[in-house]
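Enquirer: task: produce atomic coordinates for the following.
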Amino acid sequence: RFPIKGAIYLRDKLEFEGMVADLGLRADYLNPQGEWYVYDAYTSAFSGKNADNIDEILPTEKIETQLLLSPRLGVSFPISETAKLFFNYGHFFQQPSSDNIFLLRQSGFDKSIVRIGDPSQPLPRTIAYELGYEQSIADEYLLRATAYYKDISDEARLVSYENRNSSVAYSQYTSVAYRDIRGIEFSAYKNRGNWIQGFLNYTYNVATSGY
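Expert: Below is the predicted model of the structure:
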């Protein structure tokens, strides 16, 4: 298999009376190339007596190409000479591994299909928000406080299928999971000094997940 993956990113920076805006757009491209099997969940083609002839039993169809756009935005507002508010927003897609796309594994016991990929599954997407405040003190210390939220959808999880007499029993990564992550973060930095530099950080977050 020879999948084609790629990405391109456009970015522009705008400044107006101290306000700075970073605007971006990323395009992710995934073309698995070729064809893949068309089947129902409990097809007998995956059983031990048929799996060796799966290419003759199951029809195939061309795998669709995915082109995904991810907007990005970052804005900062100065509220004094030493402090600013900022906001970040963006979409992020995760490219799948080749195993999740093309794997076709047979059992060493009866030659049945025990694992199959899915080249048409949606890519996992994260939508992230961040709101924060920064304060500089004496040109030597920086205090930073942020609140953030991440909405993660279409995460792949291994789903198992087994028919009533167990002649078909296999697993497949399927985009069925989601997560919500929200939290707050406090940081203090000392980036200057001949003897002591470093930072302190405290993060608290809560995650919710499901299928």
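
Enquirer: going forward, measure contacts and count neighbours with C-alpha atoms only.
Expert: OK.

Enquirer: which parts of the protein are strands?
Expert: 4-16, 19-31, 35-37, 60-62, 66-78, 83-93, 104-106, 113-116, 125-137, 141-162, 169-190, 198-210 (DSSP state E).

Enquirer: and the ones you listed, which is most packed in?
Expert: strand 113-116 (a mean of 22; mean count of other CA atoms under 10 Å).

Enquirer: can I get that strand in PDB? Just the C-alpha atoms.
Expert: The C-alpha trace of strand 113-116 is given here as PDB (Å, rounded to 0.1, in the frame of the first residue of the first chain):
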ATOM      1  CA  ILE A 113      -9.900 -12.800  10.000                       C
ATOM      2  CA  VAL A 114      -9.200 -11.600  13.500                       C
ATOM      3  CA  ARG A 115      -8.400  -7.900  12.800                       C
ATOM      4  CA  ILE A 116      -9.200  -5.600   9.900                       C
END
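
Enquirer: contacts for that strand, please.
Expert: 46-48, 51, 100, 102-107, 168-173 (CA atoms under 8 Å, 6 or more residues apart in numbering).

Enquirer: contacts only, for the spatially most central residue of the chain.
Expert: Per CA atoms, centre = their mean, the C-alpha nearest to the average position across the chain is that of Q94, at 3.5 Å. Neighbouring residues of Q94 by CA under 8 Å, 6+ apart: 123-125.

Enquirer: about what we covered before: export the strands of the chain to CSV and tack on mean pLDDT?
Expert: Formatted as CSV, those follow (pLDDT from 0 to 100):
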stretch, mean pLDDT
strand 4-16, 94
strand 19-31, 95
strand 35-37, 95
strand 60-62, 95
strand 66-78, 96
strand 83-93, 96
strand 104-106, 94
strand 113-116, 95
strand 125-137, 96
strand 141-162, 95
strand 169-190, 95
strand 198-210, 96
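
Enquirer: end to end, how far does stretch 42-50 reach?
Expert: End-to-end distance for stretch 42-50: 13 Å, by CA to CA, to the nearest Å.

Enquirer: next one: it to chain centre, how far?
Expert: 33 Å (CA atoms, centre = their mean, to the nearest Å).

Enquirer: list the buried ones in that stretch?
Expert: Residues of stretch 42-50 classed as buried under the neighbour-count rule (16 or more other CA atoms under 10 Å) are 42, 44-48, 50.

Enquirer: run through who's touching that stretch.
Expert: So stretch 42-50 is contacted by 51, 53-54, 57-58, 110-113, 161-163, 167-169 (CA under 8 Å, 6+ apart).

Enquirer: for the residues you listed, which one is nearest G18?
Expert: Checking those against G18 by CA to CA gives Y161 as the nearest, at 57.7 Å.

Enquirer: dump the residue contacts of that closest one.
Expert: Contacts of Y161 (CA under 8 Å, 6+ apart): 41-42, 168-171.
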